[in-house]
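In: Sequence first, then the predicted structure, then my questions.
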Amino acid sequence: MAGDSERSRLFTRRAVLIGGAQAGLFALLASRVYYLDVIEGEKYRTLAEDNRVNLRLLAPARGQILDRTGAPLALNQQNFRVILLPEQIDDIDMLLDRIGAFVEITDSDKKRIERDMRAADSLNAIIVKDNLTRDQMDAIAVHSVDMPGTDIDVGEVRTYPYGIVTSHILGYVGTASEKDVQNSEDDDDNDVLAIPGFRIGKIGIEKQYDSELRGEAGDVQMEVNARGSVVRELARNDPEGGHDLTLSLDIGLQQYVQQRLAQQPGASAVIMDVDTGAIRALVSQPGFDPNLFTYGISQEDWEQLNNDEHSPMLNKAVTGVYAPGSTIKPVMALAGLESGIVSPSERVFCPGYYDLGTYRFHCWKHGGHGHVNMHEAIAGSCDTYFYDLGHRIGIDRIQGMMRRFGFGQKLGIDMPHERAGFVPSRTWKLATKRQTWQQGETLIAAIGQGYMLSTPLQLATMAARIANGGHAVVPRIVAAIGGKPAEIVKAGPLGIDPRHLEIVQAGMSAVVNENIGTAYAARIMKAGMEMAGKTGTAQVRRISEAEREEGVTANDALPWKERDHALFAGFAPIEAPRFAVSVVIEHGGSGGHAAAPIARDIMQECQIRAK
């Protein structure tokens, strides 16, 4: 019995000890649960929520732009960058200080990042810095644990291998502004525009064909933990890249034209196919380097471009407007012939001026041309002849024929910011100036001065329509989209009598190839490549009667901005025209001396390359 009693007491003590230990453990567990659930509950609930699905949009690859031979003019290069995930950041200033130990973050960068943080949503990240080096990427990756909300992203950046040579054709891309987002009517577009580093076309072909080049965004769903690290990828929809564009441009010819104009402070040239309107080269001088805009242009570079008096950002070939001067005399001749009032064999006497009432209108040749017919008047660019012609046919016929050849209206080239130029009329003057049209204004219009304004593109189109037998060819620069040929506007007839066109074509040939022509010194000597055309010299200042009596000041003696513009428009080869050209040299002086030699060299190079 004593043994049983001893064993019972021993069991009881052990039971109490075990029970006490269990009670202590339970109390410890209960207190830990209380601590985690009540005292630290909010913190851990937040951490648990942070370990969730993150949806991020994937930027599509922008389509490339190629020349007619497939040479890349605009392409994409790999771009490594550090980005921020806004929803995982508590202290942006502290985080930027840590990142700043590995990459330079300027005050301007901080302002941009803070602005983007305020506008950010859960779909999109924010770029801190583009174009990271390998060392910078490695350093940020190693320290990413201490920088929650930071990630390394691989994107693409636009690059232009020919730089300034194609700047006005291609334009450039940039990040979407608030105005771009507001102007977008598609909600999906707005999401895409907010993708970090996503760029859209701002000017040129990049802007005109932005929707075709842009592509469709994709998305990826990822599970991320509280530190922002990816746990696993749940789903992915790959983006669809944009379409490649093939231009009608010949990059070799484009380079040649740019080099030929490089010494001019301000100039432009256009070369186009006379039958299809395909642009072979289009140059505006001076240009700019579109690669400056790749990572965001500096304020200094931007101000330099905008303050340059020669306007490097302006595409003068499409947007610049100039008095066409004598380049439009072939169109004036056609207006006279089509009216039936003027015969090509009629002769007009030019003493060096034309009197209308009490007013005297001067010919460029002080001593006059003597008696000239239409052929000789076109060849020698006799102002007096065309004063007389304009007076006889009137401004209404002049305006009608000018519009048939593409003046005073947008031609519809597939580039942005094309200007229409201007052709005056009676109704326009009465409506805008509340004045009646004067006969003297008709005379001035007949030699391409006064209110007349045209673009270099219109001058090339005029030459093409004369060369192709009077068909309304429309200039075009994109040849294919995604490998599919672009739609070409069929060139309908202008309704010009072929015999009249032959007369004008012969006159334009005489301008270059007969010794009475104003561009005879700029003729092409190689058989089968001969050029026809028309020179123009457009005044930019008024010459007083006193100056005429004392002797008109030579262009070389004037300040650059007071010198005449020099122009030329033509086509080649004469026997079977294929290409039209226009050249405008701002304040270049005489069209025959400044513009025609450049046009000759360009047309010769164009024909050689086309063989």
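Out: Alright, I've got the coordinates. Residues are numbered from 1 along each chain as shown.
In: Name the helix or strand of the protein that has the lowest mean pLDDT.
Out: Of all regular secondary-structure elements in the chain, judged by mean pLDDT, DSSP states H and E, the least confident is helix 41-50 with a mean of 50.
In: Next, residue 397: secondary structure please.
Out: The three-state assignment at residue 397 reads helix, by DSSP: H, G, I helix; E, B strand; the rest coil.
In: repeat for residue 232
Out: Residue 232 carries the three-state label strand when classified by three-state DSSP.
In: which regions of the protein sit below the pLDDT cut-off?
Out: Counting by pLDDT under 70, the ranges of the chain that qualify are 1-54, 87, 119-124, 184-191, 196-197, 224-230, 541-553, 557, 560.
In: Just give the closest residue to the most centrally placed residue in it, not the sequence neighbours.
Out: The residue at the geometric middle of the chain, judged as the C-alpha nearest the mean C-alpha position with CA atoms, centre = their mean, is residue 204 (1.7 Å). Counting by CB to CB, 6 or more residues apart in numbering, residue 171 is the residue found nearest to residue 204 once chain neighbours are left out, at 2.2 Å. From N, CA and C alone the C-beta is placed, and that goes for glycine too.
In: so where do the strands sit in the stretch 401-550 of the chain?
Out: Ranges of strands in the stretch 401-550 of the chain, per DSSP state E, counting those that start in this stretch, are 478-481, 484-485, 532-538.
In: among these, which is nearest residue 382?
Out: Set against residue 382 and scored by CB to CB, the strands of the stretch 401-550 of the chain come closest in strand 532-538, at 12.4 Å.
In: For the closest one, name the packing helices and strands.
Out: Of the remaining helices and strands, those touching strand 532-538 by 3 or more CB pairs under 8 Å, 6 or more residues apart in numbering; DSSP states H and E are helix 456-467, helix 498-513, strand 565-572, helix 596-610.
In: May I have that strand as PDB, with CA atoms only?
Out: Taking C-alpha atoms only, strand 532-538 is exported to PDB below (Å, rounded to 0.1, in the frame of the first residue of the first chain):
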ATOM      1  CA  ALA A 532      14.500  71.600-118.600                       C
ATOM      2  CA  GLY A 533      13.300  74.100-116.000                       C
ATOM      3  CA  LYS A 534      12.600  77.700-115.000                       C
ATOM      4  CA  THR A 535      14.600  80.000-112.900                       C
ATOM      5  CA  GLY A 536      13.100  82.500-110.400                       C
ATOM      6  CA  THR A 537      14.400  85.400-108.500                       C
ATOM      7  CA  ALA A 538      12.000  86.700-105.800                       C
END
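In: tilt between that strand and helix 596-610?
Out: Orientation note: strand 532-538 sits at an angle of 140 degrees relative to helix 596-610 (axes from the mean of the first three to the mean of the last three CA atoms, to 10 degrees).
In: Can you give the strand pairings for strand 532-538, parallel or anti for each?
Out: Here strand 532-538 has these sheet partners by DSSP bridges: strand 565-572 (antiparallel).
In: Please compute how far the strand it pairs with lies from its chain's middle.
Out: Here strand 565-572 is found 24 Å from its chain centre; the criterion is CA atoms, centre = their mean, to the nearest Å.
In: Kindly report the same for stretch 441-451.
Out: In terms of CA atoms, centre = their mean, the gap separating the centre of stretch 441-451 from the centre of its chain is 32 Å.
In: First-to-last residue distance for that stretch?
Out: With CA to CA, to the nearest Å as the measure, the ends of stretch 441-451 fall 9 Å from one another.
In: before we move on, what about stretch 276-293?
Out: Using CA to CA, first and last residues of stretch 276-293 are 34 Å apart.
In: what does stretch 412-429 give?
Out: Between the start and the finish of stretch 412-429 there is a gap of 26 Å, counting by CA to CA.
In: Centre of the chain to it, how far?
Out: When C-alpha coordinates are averaged (CA atoms, centre = their mean), stretch 412-429 and its chain have centres 19 Å apart.
In: Could you number the chain from 4 rather than 1 from now on?
Out: New numbering, starting at 4: the last item is stretch 415-432.
In: Pull out the buried positions in that stretch.
Out: Going by neighbour count (16 or more other CB atoms under 10 Å), the buried part of stretch 415-432 is 416-419, 421-428, 432.
In: Next: stretch 512-523.
Out: Burial within stretch 512-523, assessed by neighbour count using 16+ other CB under 10 Å, is assigned to 512-517, 520-523.
In: quick one: contacts of it?
Out: The contact list for stretch 512-523, computed with CB atoms under 8 Å, 6 or more residues apart in numbering, reads 329, 378-379, 381-384, 525-527, 533-538, 571, 573, 577, 594-595, 599, 603.
In: do stretch 441-457 as well
Out: 324-332, 335, 357, 359-360, 362, 364, 386, 389-390, 392-394, 397-398, 401, 410, 424-427, 432, 539, 541-542.
In: which of those residues count as buried?
Out: Among those, the ones that count as buried (16+ other CB under 10 Å) are 324-332, 335, 357, 364, 386, 389-390, 392-394, 397-398, 401, 410, 424-427, 432, 539, 541.
In: Show me the helices in the stretch 254-403 of the chain, by range?
Out: Using DSSP state H, counting those that start in this stretch, the helices assigned to the stretch 254-403 of the chain run over residues 254-264, 302-310, 332-342, 377-383, 386-407.
In: now for the shortest one, which elements pack on it?
Out: Counting contacts by 3+ CB pairs under 8 Å, 6+ apart, the secondary-structure elements packed against helix 377-383 are helix 332-342, helix 386-407, helix 501-516.
In: Which residue comes closest to residue 237 once chain neighbours are left out?
Out: Once its chain neighbours are removed from consideration, residue 237 has its nearest residue in residue 224; the separation is 4.3 Å (CB to CB, 6+ apart).
In: swap in residue 500?
Out: In space, residue 500 comes closest to residue 341 once its chain neighbours are excluded; the distance is 6.7 Å by CB to CB, 6+ apart.
In: Near that neighbour, how many residues? Count them for me, please.
Out: Here the neighbour count serves as a burial measure; for residue 341 (other CB atoms under 10 Å) it reads 18.
In: I'd guessed it sits against residue 499; true?
Out: Yes. Between residue 341 and residue 499 there is a contact at 6.8 Å, judged by CB atoms under 8 Å.
In: I'd say the residue nearest to residue 237 and residue 236 touch.
Out: Yes. Using CB under 8 Å, residue 224 is in contact with residue 236, at 7.3 Å.
In: which of these two has more neighbours?
Out: Neighbours per residue (other CB under 10 Å) separate residue 224 from residue 236, with residue 224 holding more: 14 against 10.
In: Name the SS class of that one, please.
Out: Note that with three-state DSSP, the state of residue 224 is strand.
In: between the helices and strands packed on helix 377-383, which one is nearest to residue 203?
Out: The closest of these to residue 203 is helix 386-407. By CB to CB, the value is 35.2 Å.
In: can you list the domains in this protein?
Out: 57-250, 254-297+314-613 (automatic domain parsing).
In: Which one of those domains lies nearest to residue 305?
Out: For the domains of the chain, distance to residue 305 was read as CB to CB. The smallest value, 8.5 Å, belongs to domain 254-297+314-613.
In: Kindly calculate the angle that the lengthiest strand in the chain makes with helix 254-264.
Out: In terms of residue count, the longest strand belonging to the chain (DSSP state E) is strand 75-87. Strand 75-87 runs at 90 degrees relative to helix 254-264, counting by the same axes, to 10 degrees.
In: Contacts for the next helix or strand after strand 75-87 next, please.
Out: Beyond strand 75-87 on the C-terminal side, the first helix or strand identified by DSSP states H and E is helix 95-102. Residues outside helix 95-102 that contact it (CB under 8 Å, 6+ apart) are 85, 87, 92, 108, 113, 116-117, 120, 131-132, 143, 146, 149-153.
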